[in-house]
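In: build the 3D model from these lines:
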Amino acid sequence: MNTPPLTPSTDADRDVADTIRGQNEDTKSIAHIRRAIAEHVAEQEGEQPTAPPPQVGDEVGPFVLQERLGAGVSCFVFRGLEAGTQTPVALKIVNWANVFDRTAAMRQMRTEAAALARVKHPRVVRFIDFGFDPRWPYLVTEYIDGQPLGELLRTGGILPVGWAVYIVAQVADALGAVWQAGLVHRDIKPDNVLVEGNGAAKLIDFGLAKQPILQAMSGQTGPELAGTAAYLAPEQAMDASVVDLRADIYSLGVTFYEALTGRLPFEGKNRIQLIFHHLNTAPVPPHQVNPKVPPLASDLCMWMLSKNPAERPQNQDELRDAFDAVGSAIPRSRAG
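Out: Model prediction:
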């Protein structure tokens, strides 16, 4: 089938068009996104009757829904099968019942698809498709048979130090590919890291990913709020539209802290209290919370949690070298 030409007609489409242009990109993935933008955008973003929620057994495009894996405020996540090949996939489907601004929801999903299409790395979930069912738009990625790191921490508590370092180092590798693609993830947290049974980690959920180059083109008139409050870098808490990769490093530091200690560096009753702590409160070093944490791992975590972006690791090379040094000193044991 010939791919319809991409002719952006809205600011959202122009942003996506800019996002998917780059060097060495997967033309098949981009063709999926261009086709999806070109097909039925006006109808989907108009005032259409709200479809009932998707159910197991429903056919969505060429995929059959097999199991509901979860649901957020605006989306459902299902395990599905590609009807022709019987390949398992994960589908993210918009929940129109909870969406008040359809244009914004569509823009976010298109941008997420474009971001995923840019990033090719074994530690990043692989983009497969993006399309429009007559009832819902949907995003398809590879299916990962694993658990969110957040769920592992909530149910099992503190990870063995060696495994905490091993898992978070893999996320650092994934972020290196994200940054190399010109993106900032902006929502690094344990629930966005899937861990397989062998400890292999995959970074997921690019719904808030952003290209710094688009900041000057966004036309915003005020600060942007984006991200999960417990994991926000101080500068992201003030304006998420102007952050760079160092904000992801801070959020990864919060994730590392939680994996090492079983708790967050800051607690608060609401978003405002958490933001205040990110801006003003020094965290207790991890080795003081959990004596099993070696000082070297604790120091790395505190370096990542520096309030000033200029005082954190500045790039993936610095971050990876630091994790290599810590990892070489700590055996990876499930029980230690």
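In: this protein: helices as residue ranges?
Out: In the chain, the helices defined using DSSP state H lie at 11-19, 27-38, 41-45, 102-118, 149-156, 161-180, 234-238, 245-261, 271-280, 286-289, 295-304, 316-328.
In: hey, which of those helices is tucked in deepest?
Out: helix 245-261 (a mean of 26; mean count of other C-beta atoms under 10 Å). Every residue, glycine included, has its C-beta placed from N, CA and C.
In: that one - contacts with which helices or strands?
Out: helix 149-156, helix 161-180, helix 234-238, helix 286-289, helix 295-304 (3 or more C-beta pairs under 8 Å, 6 or more residues apart in numbering; DSSP states H and E).
In: chain center to it: distance?
Out: Distance, stretch centre to chain centre, for helix 245-261: 13 Å (C-alpha atoms, centre = their mean, to the nearest Å).
In: same question for stretch 75-95.
Out: Using C-alpha atoms, centre = their mean, the offset of stretch 75-95 from its chain centre is 18 Å.
In: quick check: end-to-end length of it?
Out: One end of stretch 75-95 sits 5 Å from the other (C-alpha to C-alpha, to the nearest Å).
In: what sits up against that stretch?
Out: 53-54, 56, 59-60, 62-74, 105-106, 109, 125, 128, 136-144 (C-beta atoms under 8 Å, 6 or more residues apart in numbering).
In: residue contacts, the closest residue to T281 other than its chain neighbours?
Out: Sequence neighbours aside, F266 is the residue nearest to T281 in space, at 6.2 Å (criterion: C-beta to C-beta, 6 or more residues apart in numbering). The contact partners of F266, by C-beta under 8 Å, 6+ apart, come to A230, L274, H277, H278, T281, P283.
In: gap between the fourth one and C301?
Out: Same thing as H278. 15 Å (C-beta to C-beta, to the nearest Å).
In: check the last one too.
Out: Taken as C-beta to C-beta, the spacing of P283 relative to C301 amounts to 8 Å.
In: where do the contact lists of those two overlap?
Out: Y257.
In: ok, L69 to Q170 distance?
Out: From L69 to Q170 the distance is 21 Å (C-beta to C-beta).
In: using PDB, list the CA coordinates for stretch 317-335.
Out: Output of stretch 317-335 as PDB, limited to C-alpha atoms (Å, rounded to 0.1, in the frame of the first residue of the first chain):
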ATOM      1  CA  ASP A 317      29.200   8.600  29.200                       C
ATOM      2  CA  GLU A 318      29.700  10.000  32.700                       C
ATOM      3  CA  LEU A 319      26.600   8.200  34.000                       C
ATOM      4  CA  ARG A 320      27.600   4.800  32.400                       C
ATOM      5  CA  ASP A 321      31.200   5.100  33.700                       C
ATOM      6  CA  ALA A 322      29.900   5.700  37.200                       C
ATOM      7  CA  PHE A 323      27.600   2.700  37.100                       C
ATOM      8  CA  ASP A 324      30.400   0.600  35.700                       C
ATOM      9  CA  ALA A 325      32.600   1.600  38.700                       C
ATOM     10  CA  VAL A 326      29.900   0.800  41.200                       C
ATOM     11  CA  GLY A 327      28.800  -2.400  39.500                       C
ATOM     12  CA  SER A 328      32.300  -3.800  39.400                       C
ATOM     13  CA  ALA A 329      32.600  -3.400  43.200                       C
ATOM     14  CA  ILE A 330      29.200  -5.100  43.900                       C
ATOM     15  CA  PRO A 331      28.400  -8.700  43.000                       C
ATOM     16  CA  ARG A 332      25.000  -9.100  41.400                       C
ATOM     17  CA  SER A 333      23.100 -11.300  43.800                       C
ATOM     18  CA  ARG A 334      19.300 -11.800  44.200                       C
ATOM     19  CA  ALA A 335      19.800 -12.200  47.900                       C
END
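In: tell me which residues are up against that stretch.
Out: Residues contacting stretch 317-335 (C-beta under 8 Å, 6+ apart): 160-163, 165-166, 168-169, 172-173, 175-176, 199, 249, 294, 296-297, 300, 303-304, 313.
In: kindly recompute the last result at 10 Å.
Out: 159-173, 175-176, 179, 199, 245-246, 248-249, 252-253, 256, 293-294, 296-301, 303-304, 312-313, 336 (C-beta atoms under 10 Å, 6 or more residues apart in numbering).
In: give me every residue that touches the residue nearest the centre of the chain.
Out: For the chain, the residue sitting closest to the mean C-alpha position, by C-alpha atoms, centre = their mean, is D205 at 3.4 Å. D205 makes contact with 72, 75, 77, 92, 112, 116, 125, 141, 148, 185, 187-189, 191-194, according to C-beta under 10 Å, 6+ apart.
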